[in-house]
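Enquirer: sequence first, then the predicted structure:
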Amino acid sequence: MRLHDETRGMRLNRGARWRRRRSRAAPPRWCVVLSALILCVLFLPAGAAGATAMGDSVSPPTDLLADRAGSAQRPAASDHGAQWMWPVADPAVSAPYAAPPTRYAAGHRGIDLTATAGAPLIAPDGATVRFAGMVVDRPVLTLDHGGGVLSSFEPASSDLPVGSRVARGAVIGVVASGGHCGTACVHVGVRVNGEYVSPMLYFGRVPPAILLPLGGG
């Protein structure tokens, strides 16, 4: 009987010692939870973490996107925030702009203004001389207004060197002869990023003609 009690006591002592070692080896439950949270944060994708932190602020407002799309289609503004000056005195459009149906189809890629050979040409806005020379059968003058906007005049004779800066309203040359205008008009074209657009987007309305009474009286 005594031997049985001793054997039982030894078993109880070994069980108690095993439970104490297990309690010392096992980490607390809060340590396990904290470790799991740290691992989730470390392995969370960078994009998902940024989106979660920033919320809806990562997406630009719809009205801002619409405004950007609209501004890309609008012509560049003048340096003075106003319409361009007409390049000739008493402007009158003798042939309007007619957009071609395709890029290389026939059309009228500009407007014709009534003018006579020798009449002075005025810079519609501040610009840099891009080209001045002959193109096929007529002299052409091209101005660079910045922002991808170019204006061209033909037939136009000018002594200005390429690269020279011209101010708004400055005389840039004279109406010459040649091309489809002959000596009766000057052709004005406008390109934006290489594409022809109606010059009327920049010049606006033609000033009304002033009728003088017959006989000057």
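Expert: Alright, I've got the coordinates.
Enquirer: quick one: low-confidence ranges for this structure?
Expert: Residues of the chain meeting the criterion pLDDT under 70: 1-35, 39-82, 207-217.
Enquirer: would you map the strands across it?
Expert: For the chain, strands defined by DSSP state E occupy the ranges 93-95, 111-114, 120-122, 127-135, 138-146, 149-154, 156-157, 165-166, 171-175, 185-192, 195-197.
Enquirer: turn the ones you listed into TSV, columns for mean neighbour count and distance to Gly204.
Expert: Quick note: C-beta positions are derived from backbone N, CA and C, even for glycine. Below are the strands of the chain laid out as TSV (neighbours: other CB atoms under 10 Å; distance: least, CB to CB, whole Å):
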stretch	mean neighbour count	distance to Gly204
strand 93-95	15	12
strand 111-114	21	12
strand 120-122	18	15
strand 127-135	16	18
strand 138-146	20	16
strand 149-154	23	14
strand 156-157	22	21
strand 165-166	16	21
strand 171-175	21	20
strand 185-192	23	13
strand 195-197	16	14
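Enquirer: columns distance to Gln83 on top of those, output as CSV?
Expert: What follows is the strands of the chain, written out as CSV (distance: least, CB to CB, whole Å):
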stretch, distance to Gln83
strand 93-95, 15
strand 111-114, 14
strand 120-122, 13
strand 127-135, 15
strand 138-146, 13
strand 149-154, 13
strand 156-157, 21
strand 165-166, 18
strand 171-175, 18
strand 185-192, 12
strand 195-197, 14
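Enquirer: and of the ones you listed, who's closest to Val206?
Expert: For Val206, the closest of these is strand 93-95, at 5.8 Å, according to CB to CB.
Enquirer: how near is the residue nearest to Thr128 when sequence neighbours are not counted to Ala98?
Expert: Sequence neighbours aside, Asp144 is the residue nearest to Thr128 in space, at 4.8 Å (criterion: CB to CB, 6 or more residues apart in numbering). Per CB to CB, to the nearest Å, Asp144 is found 25 Å from Ala98.
Enquirer: lovely, talk soon.
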